[in-house]
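Asker: Here's a sequence, model it:
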Amino acid sequence: MTQRKYFGTDGIRGRVGDSPITPEFMLHLGWAAGQAFKRAGQRNSVLIGKDTRLSGYMFESALEAGLAAAGVDVKLLGPMPTPAIAYLTRTFRASAGIVISASHNPHHDNGIKFFSSAGTKLDDALEAEIERWLDQPIKVCEPEELGKASRVDDAPGRYVEFCKSTVPNEFTLDGMHLVLDCAHGATYHVAPKVFRELGAKVTVIGAEPDGLNINLNVGSTHLGALKQAVAEKKADLGIAFDGDGDRVLMVDRDGSEVDGDELLYILASQRQAEGRLNGGVVGTLMTNLGVELALREIGVEFERAKVGDRYVMERLLANNWLIGGEGSGHMVIRDCTTTGDGIVSALQVLLAVRKSGKTMGELRAGMSKLPQKMINVRVAERFDPLGRADIVEAMARAEASLGDAGRILLRASGTEPLIRVMAEGQSADDITRVVEELALVVERSTP
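Answerer: Sure thing, here's the model as predicted:
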């Protein structure tokens, strides 16, 4: 794979004001993307959506100007979940979709994600093409060819109806009390409508964005507020989205967390029981080994992809399978949508609960998570830990000490300057020791 200068695991991301997350770069990026996405012989258009970060206004304007300079029309969606932009890009027959978001990161970060005309994440080749255009100076097209901008006022309603269409017409949530945590992010105005219109009693938290509070002590990365609300309201379930709405985690009525690995197992096992799985399941290098073992017990094939929902999708397409996901709550359900979608994934889990007649606790009882520990080692700049002889030697010793009952993973984060050191196995004490020792080796080897 060609080394990319700007693109990471999930688009381009960083701190606002630091290169490349600046207005100047976004202007150039808009122009470069416009050049890369142009289709000859037709009027091209690109959709732009964003989450609730204050900096989104600034970057929206810069991208709009760059795209217009390339001769591409722009449709502005305003604050919308990332998967909504994927869906609307398809329905508008647009050349591409752009999301201004840093997902689960704090407000001082922002970033850009792209969707193809098919509503899927870009492949490496197209990202490389955009970077090639970024190396060229901006050349404004002829005045009569400049792009125009317009706002799509009915985007939220379109997406609400799409979400509801992913479950059967007879499916309702009557009698269920749900607590939704919208992370003060992009789902704040659409998620409550979806679940209320399907019949649930809904209590909402994390739905008062002010541009600075996105993901702040709420959402899928901070489940404490949701746990408290579920307990206080005596709700049936809690559902937590991240800032841009492509992840979902849950809290059961007893306050226990249900992570993406468990949600993946629930979906796969229930579909297998109904004869609707149509193949195996894709996880990632970070998926708990307990998922693989539990799926094997019920005769379901399991494959690991690189970290990132676009790589999960690649393996699903290659195998013609339907379901994959990550422990963080990115779920890809191919017969429902083209990318990770927190609301759609939550609906599919609730459908499994209703159709099975079981509780969430009963549905996940067939899987036992193995002890897993991860340490994030912050580094000055990203590097491949497997390219350092001292780290490779330490990893080999650690793997030998765990034997066949464990697994070790070292990888550079695709979105932050971190080296992730992870181990899992039968003994929590053993994996803690192994991870701490490996993390020290990585720290000493940091350039």
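Asker: rest of the way, CA atoms for contacts and neighbours
Answerer: Noted.
Asker: Going by residue numbers, what spans are helices in this structure?
Answerer: 23-37, 55-69, 82-91, 124-134, 155-165, 191-197, 224-233, 260-274, 289-297, 309-319, 342-356, 360-363, 389-402, 428-445 (DSSP state H).
Asker: what helices or strands is the shortest one leaning on?
Answerer: Same thing as helix 360-363. For helix 360-363, there is no helix or strand it packs on, judged by 3 or more C-alpha pairs under 8 Å, 6 or more residues apart in numbering; DSSP states H and E.
Asker: And G111, how far from P137?
Answerer: 22 Å (C-alpha to C-alpha, to the nearest Å).
Asker: Compare the two (neighbour count), which wins?
Answerer: Using other C-alpha atoms under 10 Å, the more surrounded residue of G111 and P137 is G111, with 26 against 10.
Asker: Spatially nearest residue to the more buried one (excluding sequence neighbours)?
Answerer: Using C-alpha to C-alpha, 6 or more residues apart in numbering and skipping residues adjacent in sequence, the residue nearest G111 is R13, 4.0 Å away.
Asker: Of all the helices of the chain, which one comes closest to D244?
Answerer: Proximity to D244, assessed across the helices of the chain by C-alpha to C-alpha, is greatest for helix 82-91 (5.5 Å).
Asker: quick revisit: and the helices of the chain, which is most packed in?
Answerer: Mean neighbour count (mean count of other C-alpha atoms under 10 Å) peaks for helix 82-91 among the helices of the chain, with a mean of 25.
Asker: helices and strands around it, which ones?
Answerer: Using 3+ C-alpha pairs under 8 Å, 6+ apart: helix 82-91 touches strand 45-50, strand 96-100, strand 109-116, helix 155-165.
Asker: mind checking which of the helices of the chain is nearest H107?
Answerer: H107 lies closest, by C-alpha to C-alpha, to one member of those: helix 55-69, at 8.2 Å.
Asker: just how off-centre is the closest one within its chain?
Answerer: Remark: helix 55-69 is offset 23 Å from the chain centroid, using C-alpha atoms, centre = their mean, to the nearest Å.
Asker: Equivalent analysis for stretch 423-430, please.
Answerer: The chain centre lies 27 Å from the centre of stretch 423-430; the measure is C-alpha atoms, centre = their mean.
Asker: Distance from stretch 132-140 to the middle of the chain?
Answerer: Worked out by C-alpha atoms, centre = their mean, stretch 132-140 lies 30 Å from the chain centre.
Asker: do the same with stretch 93-112
Answerer: 11 Å.
Asker: List the buried residues of it.
Answerer: Residues 94-112 are the ones in stretch 93-112 that count as buried (16 or more other C-alpha atoms under 10 Å).
Asker: coming back round to it: to G329, which of the helices of the chain lies closest?
Answerer: The nearest among those, by C-alpha to C-alpha, is helix 260-274 at 4.1 Å.
Asker: For the closest one, give me every contacting residue.
Answerer: The contact list for helix 260-274 (C-alpha atoms under 8 Å, 6 or more residues apart in numbering) reads 248-249, 277, 281, 287-288, 291, 294-295, 298, 300, 323-331, 348-349, 352, 356, 363-364, 367.
Asker: Ok, stretch 102-111 next?
Answerer: 11-16, 21, 53-56, 100-101, 112, 211-216, 220-221, 242-245.
Asker: so how far is stretch 433-447 off the chain centroid?
Answerer: 28 Å.
Asker: oh, I was asking about stretch 69-76
Answerer: With C-alpha atoms, centre = their mean, you get 26 Å for stretch 69-76.
Asker: Show the end-to-end separation of it, please.
Answerer: By C-alpha to C-alpha, the extent of stretch 69-76 from end to end equals 16 Å.
Asker: Stretch 233-245 too?
Answerer: OK, stretch 233-245 end separation, C-alpha to C-alpha: 24 Å.
Asker: Just the mean pLDDT for it, thanks.
Answerer: For stretch 233-245, the mean pLDDT works out to 97.
Asker: and what of stretch 82-96?
Answerer: 97.
Asker: gap between that stretch and the chain center?
Answerer: 16 Å.
Asker: And stretch 352-366, by the same measure?
Answerer: Using C-alpha atoms, centre = their mean, the offset of stretch 352-366 from its chain centre is 24 Å.
Asker: in this protein, which ranges drop under the pLDDT threshold?
Answerer: 1-3, 40, 415, 447 (pLDDT under 70).
Asker: the domain parsing of it - what is it?
Answerer: 12-154, 176-256, 259-363, 372-445 (automatic domain parsing).
Asker: Can you pull out the residues in contact with stretch 187-202?
Answerer: Here stretch 187-202 has contacts from 80-81, 156-157, 159-161, 163-164, 171-180, 182, 204, 206-209, 241, 243-245, 343, using C-alpha under 8 Å, 6+ apart.
Asker: Among the residues you listed, name the buried ones.
Answerer: 80-81, 156, 159-160, 163-164, 172-173, 177-180, 182, 204, 206-209, 241, 243-245, 343.
Asker: and the residue nearest to G111, how far is that from L146?
Answerer: 28 Å.
Asker: Looking at those two now, which is surrounded by more residues?
Answerer: Neighbours were counted for R13 and for L146 using other C-alpha under 10 Å; R13 has more, 26 against 16.
Asker: wait, doesn't the more buried one sit right on I21?
Answerer: Yes: R13 is within contact range of I21, at 7.1 Å (criterion: C-alpha atoms under 8 Å).
Asker: how close does A229 sit to Q272?
Answerer: 33 Å.
Asker: Also D384?
Answerer: From D384 to Q272 the distance is 38 Å (C-alpha to C-alpha).
Asker: picking up where we left off before, figure out which of the domains of the chain is closest to K5.
Answerer: Among these, domain 12-154 comes nearest to K5, with 7.4 Å by C-alpha to C-alpha.
Asker: Columns distance to E131 on top of the helices and strands packed on helix 82-91, output as CSV?
Answerer: Below are these laid out as CSV (distance: least, C-alpha to C-alpha, whole Å):
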stretch, distance to E131
strand 45-50, 18
strand 96-100, 15
strand 109-116, 13
helix 155-165, 30
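Asker: With respect to Y87, which of those lies nearest?
Answerer: Here helix 155-165 is closest among those (C-alpha to C-alpha), at 7.7 Å.
Asker: Contact partners for M331?
Answerer: If you count contacts by C-alpha under 8 Å, 6+ apart, then M331 has 247-248, 260, 264, 309, 323-325, 339-342, 345 around it.
Asker: switch to 6 Å and redo it
Answerer: G324, G325, G340 (C-alpha atoms under 6 Å, 6 or more residues apart in numbering).
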